[in-house]
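Chemist: sequence and predicted structure, then a few things I'm wondering about:
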Amino acid sequence: MFTDRLRLDDRAVIVFGAGGGGMGTATALAIADAGGNLVAFDITDDRVAETQRRIKASGGHSVGYAGDVRSVDDLANACALATSKFGRLDGVVNLVGGTRLERPGGTSRNAGTWLPLHEYPEDVYEDIFAVNLTYVFHSCQIAARTMLECGNGGSIVNFASVSALEGAPYHGPYGAAKAGVMSITKTLAVELGRQGIRANCIVPGSVPAPLSKAASSNTFDAITDRASLRSALGRRVDPVEIAGAVLFLLSNLSAGITGQCLNVDAGASAQSPLGTDTDYARTTEIRHAESVG
Ligand SMILES: NC(=O)c1ccc[n+]([C@@H]2O[C@H](COP(=O)([O-])OP(=O)(O)OC[C@H]3O[C@@H](n4cnc5c(N)ncnc54)[C@H](O)[C@@H]3O)[C@@H](O)[C@H]2O)c1
């Protein structure tokens, strides 16, 4: 069957950021549903355990690892866990990232998201780079070495952001780090393609994250309104829709695709910067009023 190419039977995949109930968890569940053996990695025991509980309940296979992606040892241990438990490593999803920084134990601090570039404190700039770019570099290095040793090829899926594509106010370090992720992805693709290892990026639009909803529901609602207005589909992206795109990029269905950045943004990037259909309709009304007036 053609659709069998979407299956990941017996393949081992690590998801960095598999907890939290958002797109990381949705991705982990999709991989397990497709028959993949999962290493579910997240920063707290609770989040790892909850994802594992859901995978087990759906009949999937996983092992968990509570660690911090900023630790190269934790990244390496997760790869070693995949090869020791499942005998191979076929996929790595570097999903962790963002502007709200998680601390071991589940506490978080807002990294000062809403600061203009010229006011960004040095320590926050470094934190943002650590959790969005530096770990991705290390994770890709470790994953590539392990996949080369295993000799089965592989697929690496990184997470960038629309903030890397355009000037996003107050996202200076974040957008720069995500642009770096896109660059690393393309470099990996051209360096490792002939060994059967592919690398691609998901570029999410605005996706509701349960953790950010818990932090402030007013902010959450404001972001939902703004993002819905600016997208072609008139809404935010569901975490499950991100998971579907990741599964596609991990699977043989995307065997001819590498070095690409796939926007999963409800059409937000297709929107003209000059305005939405509502803006254009308003301009037309004004023109009409002027011409008859
Ligand atoms: N949510 C959006 O609207 C949006 C938009 C553009 C890009 N992105 C990108 O998509 C990715 C996922 O976003 P999300 O946070 O909304 O997804 P998510 O809600 O699925 O959370 C990801 C998980 O990462 C874990 N995590 C955070 N810091 C960690 C650390 N240091 N070590 C280990 N685990 C850690 C969290 O516990 C959480 O469970 C990120 O790379 C983000 O930058 C998100």
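Modeler: That came through fine.
Chemist: around the ligand, pick out the residues from the chain.
Modeler: By Cβ under 6 Å from any ligand atom, the residues of the chain that approach the ligand are 17, 19-20, 22-24, 42-43, 47, 68-70, 95-98, 102, 131, 159, 161, 204, 206-207, 209, 211. Where you see a C-beta, it was placed from the backbone N, CA and C, and this is true even at glycine.
Chemist: could you pull out the helices for the chain?
Modeler: 23-33, 45-57, 72-86, 122-129, 135-150, 172-192, 210-215, 217-230, 239-250, 277-292 (DSSP state H).
Chemist: hey, which of the ones you listed is tucked in deepest?
Modeler: Each of these was scored by mean neighbour count; the highest is helix 23-33, a mean of 26, by mean count of other Cβ atoms under 10 Å.
Chemist: touching that helix from outside, list them.
Modeler: Residues outside helix 23-33 that contact it (Cβ atoms under 8 Å, 6 or more residues apart in numbering): 8, 13, 15, 17-19, 38, 40, 42, 50-51, 54-55, 58, 60-62, 91, 93, 95-96, 204, 207, 209, 239-240, 242-244, 246-247, 250.
Chemist: then it to CSV, C-alphas only?
Modeler: What follows is helix 23-33, C-alpha atoms only, in CSV (Å, rounded to 0.1, in the frame of the first residue of the first chain):
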residue,chain,number,x,y,z
MET,A,23,2.8,19.9,19.7
GLY,A,24,5.7,17.9,21.2
THR,A,25,3.3,15.4,22.8
ALA,A,26,1.1,15.3,19.7
THR,A,27,4.3,14.5,17.7
ALA,A,28,5.3,11.8,20.1
LEU,A,29,1.8,10.2,19.9
ALA,A,30,1.8,10.4,16.1
ILE,A,31,5.2,8.6,15.9
ALA,A,32,4.1,5.9,18.3
ASP,A,33,0.8,5.5,16.3
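Chemist: from the chain's centre, how far out does it sit?
Modeler: How far helix 23-33 lies from its chain's middle: 12 Å, per Cα atoms, centre = their mean, to the nearest Å.
Chemist: got the angle for that helix vs helix 239-250?
Modeler: Following axes from the mean of the first three to the mean of the last three Cα atoms, to 10 degrees, one obtains 50 degrees for the angle between helix 23-33 and helix 239-250.
Chemist: quick one: contacts for I142?
Modeler: By Cβ under 8 Å, 6+ apart, the residues touching I142 are V72, L75, A76, C79.
Chemist: which of those residues lies closest to the ligand?
Modeler: Ranked by distance to the ligand (Cβ to the nearest ligand atom), these are led by L75 at 9.6 Å.
Chemist: is that closest one in contact with V69, as I believe?
Modeler: Yes - using Cβ atoms under 8 Å, L75 makes contact with V69 at a distance of 6.5 Å.
Chemist: how about low-confidence regions in the stretch 1-150 of the chain?
Modeler: For the stretch 1-150 of the chain, applying pLDDT under 70 flags the ranges 101-113.
Chemist: swap in 90 and give it another go.
Modeler: Judged by pLDDT under 90, the stretch 1-150 of the chain has its weakly predicted residues at 1-2, 99-116, 119-124.
Chemist: got the buried residues for stretch 250-261?
Modeler: For stretch 250-261, burial by neighbour count (16 or more other Cβ atoms under 10 Å) applies to L250, S251, L253, S254, T258, G259, Q260, C261.
Chemist: now the fourth one. Nearest residue, chain neighbours left out?
Modeler: Of all residues beyond its chain neighbours, the one nearest S254 is F248 (5.3 Å), with distances taken as Cβ to Cβ, 6 or more residues apart in numbering.
Chemist: the one you found contacts L6, doesn't it?
Modeler: Yes - if you go by Cβ under 8 Å, F248 and L6 touch, sitting 7.1 Å apart.
Chemist: can you report how many residues lie near the closest residue in space to P169 that isn't next to it in sequence?
Modeler: Closest residue to P169 apart from its sequence neighbours, by Cβ to Cβ, 6+ apart: P116 at 7.5 Å. Residues lying near P116 (other Cβ atoms under 10 Å) number 9.
Chemist: measure P116 to P173 for me?
Modeler: Using Cβ to Cβ, to the nearest Å, P116 is found at 11 Å from P173.
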